[in-house]
Every structure is written in structure tokens, then in C-alpha cells.
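Novice: sharing a sequence plus its predicted fold:
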Amino acid sequence: MAIVETSADELKALRDLVRDFGRKELRPRFRELEKLGEFPRELYRTMGQLGFFGCIAPEGLGGTNAGYRALAIVAEELAYAYPPISAAMNLQAATVPLTIANWGEPELAERYVPGLISGELLGYNAMSEPDGGSDFLGAMRTRAVRDGDEYVINGTKMWITNANVADVGIVYCKTDPEQRHKGVSAFVVETSTPGFASQRVKCSALGNLMPTNGLTFDDMRVSKRQLLGEEGQGFTVAMNAMDFGRLTVAARSLGLAQACLDASAEYADQRMAFGKKIGHFQMIKKQLADMVCEVQALRALVYQAAALYDEGVIATRDSSIAKYYAGEVCNRAAQATTEIFGGYAFSDELPISIFLNYAKLWQTGEGSANIQAVLIADDALGWKPMDRHRKAANDA
């Protein structure tokens, strides 16, 4: 990994840009966007043009190479503004384009990465299956069978964000069912490919701006040139991709936790009960104090992991720790905010219920809290070093 030397002034300027966009363009419009119920594709193009998605992409592919701290800043500020929109930071800025750039042939990277980070193309990432759970790679049933210069793919995926509006993404399949996770391969697949179909899974609790889908592949043919890495290397590709995904999920959770804290403090300074502001009550003070301390600690973990990546250091362990703690902090903050707002938390006029729902969602995405706890404990015990997959990726 190359060392990134983006200055503190440049990072501050980026934060100011994203914060201004998020709080003036996104936050005031969330009710309007949700009511329309249409995917805001033009908004993605605008964010791409502003450079939000190109932080860790090489300049030769249209990126800014501003680094992982820059990526975390954009993810944090977009999540603060409105959580559903920040899903773009995985699909447009990290998991999809960087995996194609790192593991695909140069022609694949040149064809897709500039479009993804500019927002002209929308991405998706298809790992999960209907009954795979946390063992989705080992228990994977979607098959890719070699047929000359092509692979024929059959199977299903589930919980695939933005797939119904996407143009291109990554599909993980079993090329050798006898090898479990060592028999997994990854392919770049356009949604216009014959045999590809998406079915919207309605999730009212998540709103309309981050659609999730089931996918089916019916004798779908892809060229062998669309293979990422080598056949059977999909598990390593996926683990490498999850490094970036976990960092962005942790940063997004940080932004959401900060939004909860700010909303709670503002409300506690306005809401009257028993003749005084509710911020005077000790239970409210305790909830606010806990949020302040935990958000500050989480911020240190997120940006420590991001800084390590910028220094060219393997940071799989650090991103996993940040992601695990982020889920805990964000859920406690969202729960406390719901309690502080009381009945108003469930009003469509406020995004508080969305905060609560996305806090729980992100605790599961990119590796559930239980899985992260196991990985962190195994690393502490010396049984399974968490950086082993990233080392394999760098060696490749």
C-alpha cells in the first residue's frame, strides 16, 4: 500500500465541503426524497462530481488518492446528514470500485472504476444468500461453472443494496463446491447481463433511499476476463474488500452516533417538563455524558484505523475493532436518543426512528457484532491473526 500524505488543511477543507453539502442539501430534503420514493440517482452524480467517492481510488482511474482518512470523513459526514445516502460510501467509493481496481485486469478497472466513483455508474456487491448467514462464503450455493472462455452462473443472493438501480457490481460464486471457502470466486457482472434479475425487498423501516433486493441468476454467462483474481481466490478477495467496508461502516456509525448526540443535546435544552428543561434531569445528563465519551472514543478508533491505512500499514485488526465498537456505541446512542425524545422519536417529521433502524442495520453489515467479537478474541488469543487475509492480498 502506498503512503498517503494528505495535509490536515486539505482534510479540513474536505470535511467543510461534505458537511456543508450534507446539512444544507441532504438533511433539509430527507422528507421530500422519502416521499417521492424514487432512487436519487442525480444526487449520486452530484456527490461523484464533488469528489466524495474518489478518496481511495488512484488518480489514473479518476480518483483523488486523498486517502482513508478522507474516505472516513466523507462517510461520517454523509451519515450525519442522512444515513441512507451514506450507503454510497461502500458501493461507490470503497468495496466495489477498489476491489475491481485491486483484483481485476486493467481493462476491467478502466471500464468501470471511473464511472463508479463519478456516480455515472451505480454499484452493488452480492455476497449474502437467503440461508447463508455469517457463513455465506462457506455455505454459498450460487454456482459458476466453466464453459470454455465463459462461466455459467446459477443461484440466488439476498439483501443486496441498490441492485435494482445498479449498473455493475461483484458477484461471489462457488466454482468448486468441494472446497468450501477455498472454492469461491468473484466476478464483475453488469445488471444488463441476460439471466440477471433483481426483486425489490420492501423494508419500510429503512426508507426508500437505500433499496435492498434479492437476486437470481439463471444460466447467466460471464466472460472469464470478468474474474477478479484467480479462480478459487474469492474468499481472499472478499476479506480484502471487507477491510474497506468495515472502515466505512465504522465511520458511518460514528456520524450517526454524533447526529444522535447533537439532536439529543438540542432537544434536552428545549423540551420542558415539570417546569424546567429536561436537560436538568440527572438521567438525561447521564445519557448525554455517556454519548459524549463513547462518541469521542469511537472517533479515535475510526481515525486511527484510517491513519494506519494511509501510512501503508495493514489495518484489518484495527478496522474490525473500530467496526465492532461503532456498532455498540451507535446503538446505545440511538436508543438513548429515542428515550430522550419519547413519542416524538416516531414522528415522520424527525429522522430519529431512521437513526435507530440504521444503527441496528450497520451493527450487522460487513460482519455481525458476534462475528467481530469472535475474530477479535481469536486474534487476542493468538489463534487466528486478523491480518492474515490482508497479507495474502498484498502478496498477490
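Specialist: Looks like it arrived, so ask away. Numbering: from 1, shown residues only.
Novice: how about residue 125, secondary structure?
Specialist: Assigned with DSSP: H, G, I helix; E, B strand; the rest coil, residue 125 falls in the strand class.
Novice: ok, residue 248 next?
Specialist: From three-state DSSP, the assignment for residue 248 is helix.
Novice: where in this structure is pLDDT low?
Specialist: Scanning the chain for pLDDT under 70 picks out 1-2, 133-134, 388-396.
Novice: for the residue sitting nearest the centre point of it, give me its contacts.
Specialist: The geometric centre of the chain, computed from its C-alpha atoms, lies nearest to residue 90 (C-alpha atoms, centre = their mean), at 3.9 Å. Residue 90 makes contact with 96, 125, 161, 244, 245, 248, 249, 366 under the criterion C-beta atoms under 8 Å, 6 or more residues apart in numbering. Every residue, glycine included, has its C-beta placed from N, CA and C.
Novice: how far does the helix or strand hosting residue 13 sit from its chain's centre?
Specialist: Secondary-structure element containing residue 13, defined by DSSP states H and E: helix 8-21. Distance of helix 8-21 from the chain centroid (C-alpha atoms, centre = their mean, to the nearest Å) equals 20 Å.
Novice: flag every buried residue along the helix or strand following that helix.
Specialist: Counting by DSSP H and E, the next helix or strand C-terminal to helix 8-21 is helix 30-36. Within helix 30-36, the residues that count as buried by 16 or more other C-beta atoms under 10 Å are 30, 33, 34.
Novice: now helix 30-36: how far from the chain's centre is it?
Specialist: The answer for helix 30-36 is 22 Å, by C-alpha atoms, centre = their mean.
Novice: before we move on, what about stretch 254-270?
Specialist: The answer for stretch 254-270 is 22 Å, by C-alpha atoms, centre = their mean.
Novice: how about stretch 268-278?
Specialist: Distance, centroid of stretch 268-278 to centroid of chain: 37 Å (C-alpha atoms, centre = their mean).
Novice: residues contacting it, please?
Specialist: Contacts for stretch 268-278 (C-beta under 8 Å, 6+ apart): 267, 279, 281, 284, 288, 340.
Novice: and the strand or helix carrying residue 109, which residues are buried?
Specialist: Taking DSSP H and E as the definition, residue 109 sits inside helix 106-118. In terms of neighbour count (16+ other C-beta under 10 Å), helix 106-118 has its buried residues at 108, 109, 111, 112, 113, 114, 115, 116, 117, 118.
Novice: how about stretch 322-338?
Specialist: For stretch 322-338, the neighbour count (16+ other C-beta under 10 Å) marks 322-338 as buried.
Novice: so which of the residues you listed sit within helices?
Specialist: 322-338 (DSSP state H).
Novice: any idea how far the residue of the chain most remote from its centre lies from residue 281?
Specialist: The centre of the chain is farthest from one residue, residue 275, which by C-alpha atoms, centre = their mean lies 43.9 Å away. The gap separating residue 275 from residue 281 is 12 Å, by C-beta to C-beta, to the nearest Å.
Novice: then residue 155?
Specialist: Distance from residue 155 to residue 281, by C-beta to C-beta: 54 Å.
Novice: between these two, point out the one with more neighbours.
Specialist: residue 155 (21 against 15; other C-beta atoms under 10 Å).
Novice: follow-up on the earlier one: how far off centre is the helix holding residue 109?
Specialist: Worked out by C-alpha atoms, centre = their mean, helix 106-118 lies 19 Å from the chain centre.
Novice: wait, isn't residue 224 in contact with residue 147?
Specialist: No. Between residue 224 and residue 147 there is no contact under C-beta atoms under 8 Å: 9.6 Å.
Novice: between these two, which is the more surrounded one?
Specialist: residue 224 (13 against 10).
Novice: how about that one, phi and psi?
Specialist: When read as degrees, to the nearest 10, the backbone of residue 224 gives phi -60, psi -20.
Novice: what is the burial count for the closest residue to it other than its chain neighbours?
Specialist: Take residue 224 and drop its neighbours on the chain: the residue closest to it by C-beta to C-beta, 6 or more residues apart in numbering is residue 149, 5.4 Å away. By the measure other C-beta under 10 Å, the count of residues near residue 149 is 9.
Novice: and if you look at residue 347?
Specialist: 11.
Novice: same check, this time on the one 3 residues further on
Specialist: Using other C-beta under 10 Å, residue 350 has 17 other residues around it.
Novice: where does it land in three-state SS?
Specialist: coil.
Novice: again with residue 55
Specialist: coil.
Novice: just the element for residue 73, please.
Specialist: Per DSSP H and E: helix 68-81 holds residue 73.
Novice: any idea which helix or strand comes after that helix?
Specialist: Trace forward from helix 68-81 with DSSP H and E and the next one is helix 88-91.
Novice: how far does that next one sit from the chain's center?
Specialist: On C-alpha atoms, centre = their mean, the centre of helix 88-91 falls 5 Å from the chain's centre.
Novice: contacting residues around the residue nearest to residue 121 when sequence neighbours are not counted?
Specialist: Nearest non-adjacent residue to residue 121, counting by C-beta to C-beta, 6+ apart: residue 115, 3.5 Å away. Residue 115 sits next to 121, 167, 168 when contact means C-beta under 8 Å, 6+ apart.
Novice: buried ones among those?
Specialist: Buried subset of the contacts of residue 115 (neighbour count, 16+ other C-beta under 10 Å): 121, 167, 168.
Novice: rebuild the residues you listed as a markdown table, extending it with secondary structure and distance to residue 385.
Specialist: Shown next, in a markdown table, are the buried ones among the contacts of residue 115 (DSSP: H, G, I helix; E, B strand; the rest coil; distance: C-beta to C-beta, whole Å):
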| residue | secondary structure | distance to residue 385 |
| --- | --- | --- |
| 121 | coil | 36 |
| 167 | coil | 37 |
| 168 | strand | 34 |
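Novice: possible to save these as CSV with distance to residue 196?
Specialist: Formatted as CSV, the buried ones among the contacts of residue 115 follow (distance: C-beta to C-beta, whole Å):
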residue, distance to residue 196
121, 15
167, 11
168, 11
